[in-house]
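**Q** Model the following, please.
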Amino acid sequence: MRFVKSLNAFRKSLLAQILAVSLGGVASFFIIIAILFQTTIIFRIFPASLGGAVRQFSDLAVLIEDIPADTEELVLSAVSGSGLVALIHKDFPPGSTAQSDFLERFASIDEEVAAFAAAREVRFRYLSRFGVLNPRPERSPDKLRAVTALEISTKLQDGRTISVVFPPAAFFLGGSLGPFALISFIALMIGIVTIVLIKHALRPLQDLERATQHFDGVNGLASIEDNGAEEIRRLARALNASQRRVKTLMDERSRMVSAIAHDVRTAITKLRLRLDQPENVDHTEIEQDLVQMQRLIEDMLTYAKSNQLKSRLELVNLAEFAKTYVKDAPTQIRGETLGADAPFVIAADPLALTRVLNNLVDNAMRYGGGVTLTFGLVDDGFEIRVEDDGPGIPEEHLESVFEPFFRLETSRNRDTGGSGLGLGIARVLTEAQGGVLTLRNRPSGGLSAIMTFPEPCKVS
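**A** Residues are numbered from 1 along each chain as shown. Next comes the predicted model:
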């Protein structure tokens with residue numbers, strides 16, 4: 001099953017597509033060459049290529065007539081050893097006929113060959129290795145290596161018939177540039193088709209490049225189509241996700257700057273109003289305004305750097321950590337065990353975990369009244385839940401409240417609405433420790449903030 005999945009994944013890959021196109025081009029070239037060199041179609045396409053073969057045939061016929069009979073076999077064997085098949089028969093081979101186009105080619109080669117063709121009857125026939133056409137010569141079954149061949153026959157002066165079987169490769173004997181030009185043309189055309197197909201396979205990469213260049217994070221997302229090879233599909237999905245993250249970060253930055261500017265401007269306005277009435281200046285109120293501005297800036301810096309904090313990690317037993325937190329908490333909270341109370345050790349920053357719980361508990365106390373901290377092993381790992389008895393949060397806002405400066409209570413009063421960074425800081429700090437923070441409305445009423453740590457630290 002795993003092999004089948006791996007095979008399907010490879011089949012959809014870019015490497016497989018390029019290999020298929022390349023191998024298809026090479027295979028097509030060799031198939032076409034095989035058709036040309038193993039069938040007699042080449043003699044039809046380039047009749048001029050018979051020039052050298054015809055000259056060799058005429059020279060052999062004249063030579064056989066001039067030599068003693070006891071040396072004929074030696075000459076025929078020598079010719080056959082060069083890749084041809086030369087035989088002597090009592091009569092013309094059955095099925096051989098005179099073909100005008102080939103005879104015209106005889107007459108156009110040179111005067112000597114033309115005189116030879118004019119003085120003799122020359123016949124032709126096509127031979128087949130598999131008997132589809134006239135069967136191959138039985139006397140030399142291993143000499144004919146082509147699928148088909150052309151046999152040329154003529155009568156000798158003593159009445160016998162000499163025939164020479166030329167395989168398609170014999171067209172090179174003519175010394176014509178035509179066959180080489182044909183091969184070059186075939187290679188060029190197959191190369192062009194292969195390049196076009198490979199370029200088509202790589203087109204999604206060009207679309208990725210254009211979409212990436214057009215994305216500026218301001219004028220919306222440059223959506224990248226999820227098509228092409230599997231590697232390109234994965235890259236497109238990754239780039240789309242990256243664009244969404246970048247757009248989210250840029251929108252978040254804009255909201256953060258706007259919110260900070262609003263809060264700071266509000267505090268400055270309050271200070272100016274108080275200073276405009278020096279006789280009624282209350283230094284305590286001024287100090288509270290400055291403290292509020294300082295806390296806002298500290299929260300903003302903590303949120304901005306929460307994913308980049310280089311804290312000193314320690315081995316933390318989450319069960320013991322939760323028990324200690326409940327015991328030492330400045331406010332009254334209830335502690336309950338969830339599932340099995342077993343050790344679950346992670347590598348984390350205890351101060352960051354404490355900051356997360358402080359934010360969650362503070363949020364629960366402000367909006368929900370009583371707070372319960374539940375912890376223990378679950379199927380997904382280890383959970384720490386901060387639960388309250390408040391009204392909860394509308395389902396459509398369970399994720400929105402993690403966004404910077406998003407507040408269900410719209411006032412800018414820190415004692416009611418807060419700065420809007422508490423839950424965002426809690427989530428990014430939790431993720432920095434390897435956990436996940438989610439919110440869920442309790443069926444019995446209230447809100448549950450759930451910190452989930454999926455895997456313990458393996459200590460060898």
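**Q** what pLDDT, on average, does stretch 168-188 get?
**A** In this model, stretch 168-188 has an average pLDDT of 65.
**Q** To clarify, my last question referred to stretch 287-304.
**A** On average, stretch 287-304 scores 70.
**Q** Repeat that for stretch 376-393.
**A** Computed over stretch 376-393, the average pLDDT equals 88.
**Q** Just the buried residues of that stretch, please?
**A** Using 16 or more other Cβ atoms under 10 Å as the test for burial, stretch 376-393 gives 376-377, 381-390, 392-393. (Each C-beta comes from the backbone N, C-alpha and C, glycine too.)
**Q** Alpha carbons only: can I get the helix or strand where Tyr367 lies in CSV?
**A** Element membership for Tyr367 (DSSP states H and E) is helix 350-368. Written as CSV, here are the backbone C-alpha positions of helix 350-368 (Å, rounded to 0.1, in the frame of the first residue of the first chain):
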residue,chain,number,x,y,z
PRO,A,350,8.1,29.1,33.6
LEU,A,351,7.8,32.9,33.6
ALA,A,352,6.1,32.8,30.1
LEU,A,353,3.6,30.1,31.3
THR,A,354,2.9,32.1,34.4
ARG,A,355,2.3,35.2,32.2
VAL,A,356,-0.2,33.2,30.2
LEU,A,357,-2.1,32.0,33.2
ASN,A,358,-2.1,35.5,34.7
ASN,A,359,-3.7,36.9,31.6
LEU,A,360,-6.3,34.1,31.4
VAL,A,361,-7.2,34.3,35.0
ASP,A,362,-7.3,38.1,34.9
ASN,A,363,-9.6,38.0,31.9
ALA,A,364,-11.8,35.4,33.6
MET,A,365,-12.0,37.4,36.8
ARG,A,366,-12.9,40.6,35.0
TYR,A,367,-15.7,39.0,32.9
GLY,A,368,-16.7,35.8,34.5
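**Q** Which residues does that helix contact?
**A** Helix 350-368 is contacted by residues 302, 309, 311, 314, 316, 321, 325, 329, 331, 333, 371, 373, 384, 386-391, 416, 418, 422-423, 425-426, 429-430, 432-433, 437, 446-447, 449, 451 when judged by Cβ atoms under 8 Å, 6 or more residues apart in numbering.
**Q** Just the ones of the residues you listed in helices?
**A** Thr302, Phe321, Tyr325, Gly422, Leu423, Ile425, Ala426, Leu429, Thr430, Ala432 (DSSP state H).
**Q** tell me the pLDDT at the last one?
**A** Pointing back at Ala432 there. 82.
**Q** now it: how far from Leu313?
**A** 10 Å (Cβ to Cβ, to the nearest Å).
**Q** So for those two, which residue has more residues nearby?
**A** The residue with more neighbours, out of Ala432 and Leu313, is Ala432; 17 against 14, by other Cβ atoms under 10 Å.
**Q** what packs against the helix or strand hosting Ser254?
**A** For Ser254, the host element (DSSP H and E) is helix 230-275. Counting contacts by 3 or more Cβ pairs under 8 Å, 6 or more residues apart in numbering; DSSP states H and E, helix 230-275 is packed against helix 14-38, helix 178-214, helix 283-305.
**Q** Give me the angle between that helix and helix 178-214.
**A** 20 degrees (axes from the mean of the first three to the mean of the last three Cα atoms, to 10 degrees).
**Q** I'd like the mean pLDDT over helix 230-275, please.
**A** 73.
**Q** could I get the ones in helices among the contacts of helix 350-368 as a markdown table with distance to Val193?
**A** A markdown table is the format used below for the ones in helices among the contacts of helix 350-368 (distance: Cβ to Cβ, whole Å):
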| residue | distance to Val193 |
| --- | --- |
| Thr302 | 61 |
| Phe321 | 67 |
| Tyr325 | 70 |
| Gly422 | 63 |
| Leu423 | 59 |
| Ile425 | 60 |
| Ala426 | 60 |
| Leu429 | 58 |
| Thr430 | 56 |
| Ala432 | 54 |
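**Q** now, which of those residues sits nearest Ser128?
**A** Ala432 (78.9 Å; Cβ to Cβ).
**Q** How about Lys323: what's its closest non-neighbour residue?
**A** Gly335 (6.7 Å; Cβ to Cβ, 6 or more residues apart in numbering).
**Q** Near that neighbour, how many residues? Count them for me, please.
**A** Around Gly335 there are 14 residues (other Cβ under 10 Å).
**Q** so what secondary structure elements neighbour the strand or helix carrying it?
**A** Assigned by DSSP H and E, Gly335 falls within strand 334-337. Packing partners of strand 334-337 (3+ Cβ pairs under 8 Å, 6+ apart): helix 318-328, strand 371-378.
**Q** Let's see that with 7 Å instead.
**A** For strand 334-337, the packing partners by 3 or more Cβ pairs under 7 Å, 6 or more residues apart in numbering; DSSP states H and E come out as strand 371-378.
**Q** List of residues touching the strand it packs on?
**A** Contacts of strand 371-378 with the rest of the structure, by Cβ atoms under 7 Å, 6 or more residues apart in numbering, involve 318-319, 322, 325-326, 333-342, 344, 361, 364-365, 383-388.
**Q** 6 Å instead?
**A** 322, 326, 333-342, 361, 364-365, 384-388 (Cβ atoms under 6 Å, 6 or more residues apart in numbering).
**Q** mind checking the end-to-end distance for stretch 431-446?
**A** Terminal residues of stretch 431-446 are spaced 24 Å apart (Cα to Cα, to the nearest Å).
**Q** what's in contact with it?
**A** 348, 368, 388-390, 392, 398, 426-427, 430, 448-453.
**Q** Go through it and flag the buried ones.
**A** Going by 16+ other Cβ under 10 Å, stretch 431-446 has these buried residues: Ala432, Gln433, Gly435, Leu437, Leu439, Gly446.
**Q** Just confirm the fifth one is within a strand.
**A** Yes. Note on Leu439: a strand contains this position according to DSSP: H, G, I helix; E, B strand; the rest coil.
**Q** Read off the pLDDT value for it.
**A** Predicted confidence (pLDDT) for Leu439: 92.
**Q** roughly how far apart are it and Gly369?
**A** 17 Å.
**Q** cool, the third one as well?
**A** Taken as Cβ to Cβ, the spacing of Gly435 relative to Gly369 amounts to 26 Å.
**Q** ok, now the second one?
**A** Distance from Gln433 to Gly369, counting by Cβ to Cβ: 28 Å.
**Q** Let's see the pLDDT reported for Ile162.
**A** Value for Ile162, per-residue pLDDT: 90.
**Q** Could you do the one 3 residues further on as well?
**A** At Val165 the predicted local confidence, pLDDT, stands at 84.
**Q** secondary structure element for it?
**A** strand 161-166.
**Q** which helices and strands does that strand pack with?
**A** Where contact means 3 or more Cβ pairs under 6 Å, 6 or more residues apart in numbering; DSSP states H and E, strand 161-166 is packed against helix 51-66, strand 85-89, strand 148-155.
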